[in-house]
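A.B. asks: Structure for the following, please:
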Amino acid sequence: MYIFSNLATSIDGKIATASRAHFPLGTPADREQMRRLRRRADAVLMGASSLRSFRRPLLIRKNGKPGPRQILNVIISSGLEGISPSWPFFKEQRTTRLLFITKPLPEARRNKFEKSSEIVLLKKGRPIATQIVAELGRRGIRNLLVEGGGSVMWDFISQDLIEEINLTITPRILGGSSAPTLVDGKGFSPGEVRNFKLSSFKKLGDELYLVYLASGKKA
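C.D. replies: The predicted model follows:
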């Protein structure tokens, strides 16, 4: 499976404000870049915090309209806390939804989500990202796009699963010591730092579009 990511950050490396309220960092050109990358994928994945902010389905669009082919929408959450099955994400008829959780749900709440989505309970004591990749592979997924947030990126990068990082640097400063960054988690020790190599870059207006490929090397 080929796994690639796409996120936009501020100049100071934040992907959202400290409040996590939905706030588009990039320009319309950046959003078109997002649509182009989604067209490469069979599935798109995001974490619960991103879903709580966004609340809408992850669609492939062409000429501003949802296309005939849609991709599997995948969410990672501990127990779907703060998420409502009434959100637009769960109402879109053109998408299929797969929810990975790490702890069991009460039966009544699980039943509500299962009206629109399939739920997979992950096993304790095993890396979350590797379990997800294995399950998606069994379902025939060959190209997985990860759209954050920072904790999800840590889950995947710490297991050396992401081969390509698409990064838009936007001309904004968000600040905030608790604001999420491109990669959060516990972080690497100096000897475990992951290295990537710059594959391409493009300047469009005041934004930079960077593509990094995994080098397979550690610091």
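A.B. asks: What count of nearby residues applies to residue 211?
C.D. replies: 17 (other C-beta atoms under 10 Å). In this view, the C-beta of every residue, glycine as well, is placed from N, C-alpha and C.
A.B. asks: which residue ranges form the strands in the protein?
C.D. replies: Counting by DSSP state E, one finds strands in the chain at the ranges 2-9, 43-47, 61-62, 65-66, 72-77, 97-101, 118-121, 143-146, 164-169, 194-204, 207-218.
A.B. asks: between these, which one is nearest to residue 131?
C.D. replies: The closest approach between residue 131 and any of those, judged by C-beta to C-beta, belongs to strand 97-101 at 7.8 Å.
A.B. asks: Could you spell out the sheet neighbours of the closest one, each with its direction?
C.D. replies: Taking DSSP bridges as the criterion, strand 97-101 pairs within the sheet with strand 72-77 (parallel), strand 118-121 (parallel).
A.B. asks: Can you check which of those strands gets nearest to residue 201?
C.D. replies: Nearest to residue 201 among the strands paired with strand 97-101 is strand 72-77 (28.7 Å), distances taken as C-beta to C-beta.
A.B. asks: Got the phi and psi for the most centrally placed residue in the chain?
C.D. replies: Centroid-nearest residue in the chain: residue 147, 2.3 Å away (criterion: C-alpha atoms, centre = their mean). As for residue 147, its main-chain torsions (degrees, to the nearest 10) stand at phi -120, psi 30.
A.B. asks: contacting residues around it?
C.D. replies: Counting by C-beta atoms under 8 Å, 6 or more residues apart in numbering, residue 147 makes contact with 5, 6, 7, 34, 44, 45, 46, 50, 58.
A.B. asks: make it 10 Å
C.D. replies: Taking C-beta atoms under 10 Å, 6 or more residues apart in numbering, we find residue 147 in contact with 5-7, 15, 34, 37-38, 41, 44-47, 50, 54, 58, 74, 153, 166.
A.B. asks: Drop anything exposed from these.
C.D. replies: Members of the contacts of residue 147 that pass the buried threshold by neighbour count (16 or more other C-beta atoms under 10 Å) are listed as 5-7, 15, 34, 37-38, 41, 44-47, 50, 58, 74, 153, 166.
A.B. asks: Residue 116 - nearest residue in space that isn't next to it in sequence?
C.D. replies: Distances taken as C-beta to C-beta, 6 or more residues apart in numbering put residue 90 closest to residue 116, at 4.4 Å, once the chain neighbours are dropped.
A.B. asks: quick one: that neighbour from residue 58, how far?
C.D. replies: Note on residue 90: its distance to residue 58, by C-beta to C-beta, to the nearest Å, is 12 Å.
A.B. asks: now do residue 109
C.D. replies: When C-beta to C-beta is applied, the distance between residue 109 and residue 58 equals 23 Å.
A.B. asks: and if you look at residue 76?
C.D. replies: For residue 76, the distance to residue 58 (C-beta to C-beta) stands at 13 Å.
A.B. asks: what is in contact with these two at once?
C.D. replies: Any residue near both residue 76 and residue 58 by C-beta under 10 Å, 6+ apart counts here, and that gives 45, 46, 50, 51.
A.B. asks: what about this protein, any weak spots by pLDDT?
C.D. replies: Under the criterion of pLDDT under 70, the regions of the chain flagged as low confidence span 62-65, 67-68.
A.B. asks: Alright, I will stop here.
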